[in-house]
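Student: Take this sequence and fold it.
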Amino acid sequence: MTRAEFDTLAASAPEALYALFQAQAAQLAALTARVAQLEARVGGHSQNSHRPPSSDGPRTPPRSQRERSGKAPGGQPGHRGQTLTMVATPDTVVAHHPAACGQCGASLADVPAVTVARRQVVDLPPLTLAVTEHQAATVCCPRCRAQTVAAFPGQVAAPVQYGPRLLGLGVYLRHYQLLPYARIRETLRDLFGAGPACDTLAMAGAAAHAALAPVEAAIRDALAAALLAHTDETGIRVAGRREWVHVVSTARLTHYARHAKRGQIATAAIGLLPRLSGRLIHDGWASYWHYPGAHGLCNAHHLRELTAVAEQAGQGWAADLHALLRAMLRHVHQGRAAGRVASPPDECAAFVARYRAALAAGYAANPPPTRTPEGPQRGRLKRTPARNLLDRLSAHEDAVLAFLHDWTVPFDNNQAERDLRMLKVQQKISGTFRDAAGADVFCRLRGYLATLRKQGQPLLAALALTLAGQPPLPALLPG
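Tutor: This is a model prediction of the structure:
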């Protein structure tokens, strides 16, 4: 619009000019909001959003939420190092005797040693497969002349087959070390000169899955009785479709379950969360709030969200609340180090007052959205990420500050996130599960192996016993 056209419109139709102004102002507001949204998306990384570190670009500076401890790097005083030590009775002794005197050249062949210096080399024995032949004899009865055939052991079902230790190693490489079947076969061939076919390895996994059904049920019962449990979920690909793996875990127990849904339909079908009797630690996903009882929220998520609000929106209250949550965590750590078990009431009340003051400042900087003639007239108005964060921190204050009021409650949900991390690695390696049955096999075996690893139990021996029909039961004391 030229200046002459503007002057004509202002003189002849001021209402039309005002309408044009309103339309352009609304468009400017929409574009400004869109630019802010795109800038937030571009500026998001693993330190201020839920994105994993693997999504960070090469220009994203690595930053950690951890504070400097003031300690020197490396082992700390009192740390017990690990090193090789000599054994009293080696498997093989190789004697080295000098043949001649190093000074005059006289023969020393029959001269006894004055002293013997010892050095030991710890190495693998020659790797080879051992073949055990089972022979079932047929015996003729001297009395009735009937022939009786001895029975083979139940696990010896074929004329030639692989044993539970070798198959257990294959299952371990597949479901714990996440190797594809073809690479497992290559690895076993390189190690032992022979290896099971891919189908044989898959059938071994299915056999272990069936044998571990009662063990998984026992783990579920123990988790249901735990005083505190963590939960989370992550997406996987099953036969090309997006599905979800849900984890419920403690420091000693792990349970995975696959479902096509992410929300309450899935958790109700899996059936573990409705049975929990203790506190549930999670990231605030809406489905988890349907379950009664005490809750605890992951403050690692809150720190990242507060970082984004402070950096991208330039709101000081977010930086203040970020520092306050970190100060609360230091208070808990220092109290534990001093031998205390709870916060003094006055200190706890002071922290809570500062927390609420920071939220009040946040609400002042982020008023609720209001309807405008140009905007939608029905439905819930869209809130900013800062406002959504404030509403969550205010409505669920008890769950956010549970770690301050009860020192047995963790600050974050890292336990569940660590338990899910290898699921993402598996997806990066394989890309997908071919079918739902394979995903279910992986979930049960991975949960069992993760539980054994947390408890320091040997995995290979456990898998060999599992394939022999005698799976070891992990410790199931509720935590």
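
Student: Please make it C-alpha for all contacts and neighbour counts, starting now.
Tutor: Will do.

Student: What mean pLDDT does stretch 243-254 get?
Tutor: Over the span of stretch 243-254, the pLDDT mean works out to 97.

Student: swap in stretch 335-353?
Tutor: Stretch 335-353 comes out with an average pLDDT of 95.

Student: ends of stretch 255-274, how far apart?
Tutor: Here the two ends of stretch 255-274 are set 14 Å apart, with distance taken as C-alpha to C-alpha, to the nearest Å.

Student: ok, now stretch 102-116?
Tutor: Start and end residues of stretch 102-116 are separated by 17 Å (C-alpha to C-alpha).

Student: tell me how far that stretch is from the chain's mean position?
Tutor: The chain centre lies 62 Å from the centre of stretch 102-116; the measure is C-alpha atoms, centre = their mean, to the nearest Å.

Student: do the same with stretch 3-17
Tutor: 64 Å.

Student: Please identify the buried residues of that stretch?
Tutor: Residues of stretch 3-17 classed as buried: Leu17 (neighbour count, 16 or more other C-alpha atoms under 10 Å).

Student: now for the longest strand seen in the chain, which elements pack on it?
Tutor: Of all segments of type strand in the chain, defined using DSSP state E, the longest is strand 228-238. Secondary-structure packing of strand 228-238 (3 or more C-alpha pairs under 8 Å, 6 or more residues apart in numbering; DSSP states H and E): strand 241-249, strand 279-282, helix 414-430.

Student: Adding distance to Phe351 and mean neighbour count, write the ones you listed out as CSV.
Tutor: Below are those laid out as CSV (distance: least, C-alpha to C-alpha, whole Å; neighbours: other C-alpha atoms under 10 Å):
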stretch, distance to Phe351, mean neighbour count
strand 241-249, 30, 21
strand 279-282, 21, 25
helix 414-430, 24, 17
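
Student: Nearest to Tyr162, out of the ones you listed?
Tutor: The minimum distance between Tyr162 and the helices and strands packed on strand 228-238 falls on helix 414-430, with 25.7 Å, by C-alpha to C-alpha.

Student: any idea how far that closest one is from the chain center?
Tutor: That offset, for helix 414-430, works out to 5 Å (C-alpha atoms, centre = their mean).

Student: do the same with stretch 382-399
Tutor: Distance, stretch centre to chain centre, for stretch 382-399: 26 Å (C-alpha atoms, centre = their mean).

Student: Likewise for stretch 321-334?
Tutor: On C-alpha atoms, centre = their mean, the centre of stretch 321-334 falls 24 Å from the chain's centre.

Student: Ok, stretch 91-103 next?
Tutor: Centre-to-centre, stretch 91-103 and its host chain are 54 Å apart (C-alpha atoms, centre = their mean).

Student: Check stretch 284-303 too.
Tutor: 17 Å.

Student: Now tell me what touches it from outside.
Tutor: 48-50, 263-264, 273-274, 277-283, 322, 325, 398-403, 409, 411-414 (C-alpha atoms under 8 Å, 6 or more residues apart in numbering).

Student: Buried residues in stretch 249-263, which are they?
Tutor: Within stretch 249-263, the residues that qualify as buried are 249-250, 252-263, counting by 16+ other C-alpha under 10 Å.

Student: now these as a markdown table including distance to Leu201?
Tutor: Output for those, formatted as a markdown table (distance: C-alpha to C-alpha, whole Å):
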| residue | distance to Leu201 |
| --- | --- |
| Ser249 | 28 |
| Thr250 | 30 |
| Arg252 | 28 |
| Leu253 | 26 |
| Thr254 | 24 |
| His255 | 23 |
| Tyr256 | 21 |
| Ala257 | 22 |
| Arg258 | 22 |
| His259 | 25 |
| Ala260 | 26 |
| Lys261 | 29 |
| Arg262 | 31 |
| Gly263 | 34 |
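
Student: Columns secondary structure on top of those residues, output as JSON lines?
Tutor: Listed next are the buried residues of stretch 249-263 as JSON lines, based on DSSP: H, G, I helix; E, B strand; the rest coil:
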{"residue": "Ser249", "secondary structure": "strand"}
{"residue": "Thr250", "secondary structure": "coil"}
{"residue": "Arg252", "secondary structure": "coil"}
{"residue": "Leu253", "secondary structure": "coil"}
{"residue": "Thr254", "secondary structure": "strand"}
{"residue": "His255", "secondary structure": "strand"}
{"residue": "Tyr256", "secondary structure": "strand"}
{"residue": "Ala257", "secondary structure": "strand"}
{"residue": "Arg258", "secondary structure": "strand"}
{"residue": "His259", "secondary structure": "strand"}
{"residue": "Ala260", "secondary structure": "coil"}
{"residue": "Lys261", "secondary structure": "coil"}
{"residue": "Arg262", "secondary structure": "coil"}
{"residue": "Gly263", "secondary structure": "coil"}
